[in-house]
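Colleague: Generate coordinates for the sequence data below:
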Amino acid sequence: MFAQILLDEVHGEDRLWTYGVPPELQEKIQEGVRVWVPFGFRKKRTEAFVIELKDECDVPHEKLKWVEKIADKFVALKPEALAVAPMIADRFKLRLIDVIRLFVPATVRGRKRERKIANKELRSLDIAKKEIILSKEQQSAVDEICSGVALAPVFVLHGVTGSGKTEVYMNVIERVLAAGKSAIMLVPEIGLTPQMMGNFKARFGDCVAMIHSGLTPAEKYDEWVSLHRGEKRIVIGARSAVFAPVENVGVIIIDEEHDTSYFSESNPRFSTHEVARIRAQFNNCPVVLGSATPSLETMYTCRGDLWSPAGETGRPQVAPTQILRLSSRVNNLQMPTISIVDMVAEIRGGHGGIISRDLLAALRESIEAGKQALVFLNRRGFSSYVGCLECGWVGKCDNCDVSLVWHAVDAQLKCHYCSARYSRATKCKECSSTLLRYGQVGTQKLVEELQKMMPNVPIFRLDTDVATRRGDIVDTLQEFANTPGAILVGTQMIAKGHDFPEVAVVGIVDADNALHFSDYRAAERTFALITQVAGRAGRATRGGDMGLDGQVTGRVYLQTYKPKNYVYNLVAKYDFETFLKKEMNLRQVTAFPPFTTIVRVLVTGTDEIAVRKFMQPLMKDLRTREKDMVYLGAMKAPLGRVQNKFRYQILMRFKKESERELVDWVHDVVKKHPVATGAGAAPLHVFLEINPQNLS
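Modeller: Below is the predicted model:
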């Protein structure tokens, strides 16, 4: 017997090697197990995966090496992982071993002995079990999804905030479990996991596992093994949970599907949506994409007939996508009113503070009524930069081309890209002036200002600066939920998914922050973010502001210096359809996704000259097919240096009908230009990205 094995090496060749299987291992070895093998001239003992077993091989017996030992007492790669890993590797032009490592994470591969399952209680919010009767729309959505299982179509659950999408998910999963199958439930932020976990544990008990980056290595191992053994059949987690080792998957749900965190921007780079589709095809099960503001790419697969020119043949060849709508909130609660606050008018009226007069009055009124409030600012720290008023100097990180952020509590300047820390600047490094200015405010400064205005009000803050220890997110959310008359200040961690019934007022301090990004998705992301933040308000049915029918009406105050911007005016009306058509038309005219595919070749290295030299012949070869592209260009990346590595990029745009063929061709061209290695060679890294979410 012979084994085709793949070495578990970071820099090894992505190829299969043939090894002999000694007689004493032949009854134990299986495809998918991890093994120890000798490799190289020194016969270094190396871990590897058995990809295929054969009865014959072409390697001469005298040159054959032998499998030494089976590494685990279980088969690490199940049949599904063995089948779909090559498909994922081909789609995203990744090494096969990098994809396999996503299915078998480091906490599993790194253990030299099997760990006894500790059965620890993972942290989740305390949520009481409650009986809920589905609305007609919810019941219809559940029935459609479950009836479509045999067809494996993708479903888009387009529901307004507070419409009960989670209840639809749980009812679908209930049916899936009853059919003897498993379920994968994905959320975009680690901050959403405790609340989602609490809901699911209250409903399904101990068959729920949680996978995300906030767990300890031991917890990650325990959760992975419990899923691998079939002891738990529901997995909840962030992006990496799409690779969970569950078998016989009955549904894959991606909540807040528009969120950019579902796209991996570090190696290995992949789209969670496409991995979910590949797994769903293998399991013959549906994918459910839920959102109040589905992405344009997702809506393109659903509604292409509305904006595609007659006779267009470039439609993506994917499973049919069906839209299911939840058009109203649970119990017919009103959507919160969104007021656009003109901050220019505030300044002209003699009020130049961080918080507008309207928002401040609403916060005080809400607190006096015993209700709660959220104040959103998508910028952590005290201020976003420190600069000189004399010469214009701005404090920057020594390792990255970004400005430093002042954190008053730590009395330090921090880089949010490499985590470098610097002491407070007392004078300008260029002209030695002591006239320094602190720039735009962050959450830390915002809390300080709110506390001055309302000294007796409990104010909580939630961002990645304060949520540093295990359990910080759960503790903060739980304490806020249990504190009447409190305010929660935070970044995107508080913007989506959370259900706080007592929140009556939401303030968006700087709505323009997301709109001003140099990104073709800026308008879409701003519309989605504001919709999500606004959706935290007005979810209760008692006290507070009363509507005409006796229901609570939440209030949202959107502070902006661009009050006439079409994005704000459409989001204030919750007019997603008009926004969708307008943005689709703009993307079509300008030839941006979803009507084209963007491919980026990113080259990084510590030697800028070496990076540029590598780019030149590569760009020359790519130009041979420039006529087949909508756009081709080479440039320094907007974020030109991170962690002391220079970053250059080649950007291409292809028409949809040419996508697969041209992506394959670009990949072959890049492989023709191997990175130089060995003594004296400058270390370079080359990455191929398909439709990257961040072009900086």
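Colleague: Need the nearest residue in space to residue 15, chain neighbours excluded.
Modeller: residue 6 (7.9 Å; Cβ to Cβ, 6 or more residues apart in numbering). C-beta: built from backbone N, CA, C; applies to glycine.
Colleague: ok, residues contacting the strand or helix carrying that neighbour?
Modeller: Taking DSSP states H and E as the criterion, residue 6 maps to strand 2-7. Applying Cβ atoms under 8 Å, 6 or more residues apart in numbering, the contact partners of strand 2-7 are 13-21, 29, 35, 37, 39, 46-57, 59, 67, 96-97, 100.
Colleague: can you map out the helices along the stretch 301-450 of the chain?
Modeller: Remark: helices assigned in the stretch 301-450 of the chain by DSSP state H, counting those that start in this stretch are 343-348, 357-368, 443-453.
Colleague: What about the contacts of strand 2-7, which are in strands?
Modeller: 16-20, 35, 37, 39, 46-54 (DSSP state E).
Colleague: list the contacts for the closest residue to residue 342 other than its chain neighbours?
Modeller: Using Cβ to Cβ, 6+ apart and skipping the chain neighbours, the partner closest in space to residue 342 is residue 563 (4.3 Å). Each residue near residue 563 by Cβ under 8 Å, 6+ apart is listed here: 340-342, 344.
Colleague: Check residue 466 too.
Modeller: Going by Cβ under 8 Å, 6+ apart, residue 466 touches 472, 476.
Colleague: and if we set it to 10 Å?
Modeller: 380, 409, 443-444, 447, 460, 472-473, 476, 490, 493 (Cβ atoms under 10 Å, 6 or more residues apart in numbering).
Colleague: Can you give me the buried ones in whichever helix or strand residue 685 is part of?
Modeller: Element membership of residue 685 [criterion: DSSP H and E] is strand 684-690. Buried residues in strand 684-690, defined by neighbour count with 16 or more other Cβ atoms under 10 Å: 684, 686-690.
Colleague: Those residues into JSON lines, with extra columns for distance to residue 435?
Modeller: Formatted as JSON lines, the buried residues of strand 684-690 follow (distance: Cβ to Cβ, whole Å):
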{"residue": "684", "distance to residue 435": "42"}
{"residue": "686", "distance to residue 435": "45"}
{"residue": "687", "distance to residue 435": "42"}
{"residue": "688", "distance to residue 435": "47"}
{"residue": "689", "distance to residue 435": "43"}
{"residue": "690", "distance to residue 435": "48"}
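Colleague: for these, which one is nearest residue 506?
Modeller: Of all the buried residues of strand 684-690, residue 689 has the smallest distance to residue 506: 34.8 Å, by Cβ to Cβ.
Colleague: thinking that closest one is in contact with residue 667, fair?
Modeller: No - Residue 689 is beyond contact range of residue 667, at 11.4 Å (criterion: Cβ atoms under 10 Å).
Colleague: Identify the contacts common to those two.
Modeller: Jointly contacting residue 689 and residue 667 under the rule Cβ under 10 Å, 6+ apart are 92-93, 599, 601.
Colleague: Now do residue 124, the pLDDT please.
Modeller: The model reports residue 124 with a pLDDT of 62.
Colleague: Averaged pLDDT, stretch 557-568. What do you get?
Modeller: Averaged across stretch 557-568, pLDDT comes to 93.
Colleague: For that stretch, list every residue counted as buried.
Modeller: So, applying 16+ other Cβ under 10 Å, buried residues of stretch 557-568: 557-560, 562-563, 565, 567-568.
Colleague: before we move on, what about stretch 102-112?
Modeller: Judged by neighbour count using 16+ other Cβ under 10 Å, the buried positions of stretch 102-112 are 102-105, 107-109.
Colleague: what do you get for stretch 333-345?
Modeller: 333-338, 340-343.
Colleague: Of all the helices of the stretch 301-450 of the chain, which one is nearest residue 137?
Modeller: Across the helices of the stretch 301-450 of the chain, residue 137 has its closest neighbour in helix 357-368 (30.2 Å, Cβ to Cβ).
Colleague: What is that closest one packed up against?
Modeller: strand 337-342, helix 343-348, strand 372-376, helix 443-453, strand 487-490, strand 503-508, strand 555-560 (3 or more Cβ pairs under 10 Å, 6 or more residues apart in numbering; DSSP states H and E).
Colleague: any idea how far the residue nearest to residue 15 is from residue 363?
Modeller: 58 Å (Cβ to Cβ, to the nearest Å).
Colleague: Low-confidence stretches in the stretch 101-250 of the chain?
Modeller: For the stretch 101-250 of the chain, applying pLDDT under 70 flags the ranges 111-131, 148-152, 191-192.
Colleague: what about 80?
Modeller: 110-132, 148-153, 189-195, 213-214 (pLDDT under 80).
Colleague: what ranges do the strands span in it?
Modeller: When assigned using DSSP state E, counting those that start in this stretch, the strands of the stretch 101-250 of the chain occupy the ranges 154-159, 182-186, 208-211, 234-237, 249-255.
Colleague: Show me what the third one is packed up against.
Modeller: This means strand 208-211. strand 182-186, helix 193-204, helix 217-228, strand 234-237.
Colleague: What strands line up against that strand, and which way round?
Modeller: The pairing partners recorded for strand 208-211 under DSSP bridges are strand 234-237 (parallel).
Colleague: next one: the first one
Modeller: For strand 154-159, the pairing partners within the sheet under DSSP bridges are strand 287-291 (parallel), strand 321-326 (parallel).
Colleague: and those strands as CSV, adding mean neighbour count and distance to residue 200?
Modeller: Shown next, in CSV, are the strands paired with strand 154-159 (neighbours: other Cβ atoms under 10 Å; distance: least, Cβ to Cβ, whole Å):
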stretch, mean neighbour count, distance to residue 200
strand 287-291, 25, 15
strand 321-326, 18, 19
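Colleague: right, and residue 690 touches residue 596 too?
Modeller: No - applying Cβ under 10 Å as the test, residue 690 and residue 596 come out as separate, 11.8 Å apart.
Colleague: Tell me how this structure divides into domains.
Modeller: Annotated domains of the chain cover 2-104, 136-326, 333-381+442-585, 383-440, 596-690 [automatic domain parsing].
Colleague: Could you list the low-confidence segments of the stretch 251-400 of the chain?
Modeller: Along the stretch 251-400 of the chain, the model assigns pLDDT under 80 to residues 303-320, 352, 379-385, 389, 392.
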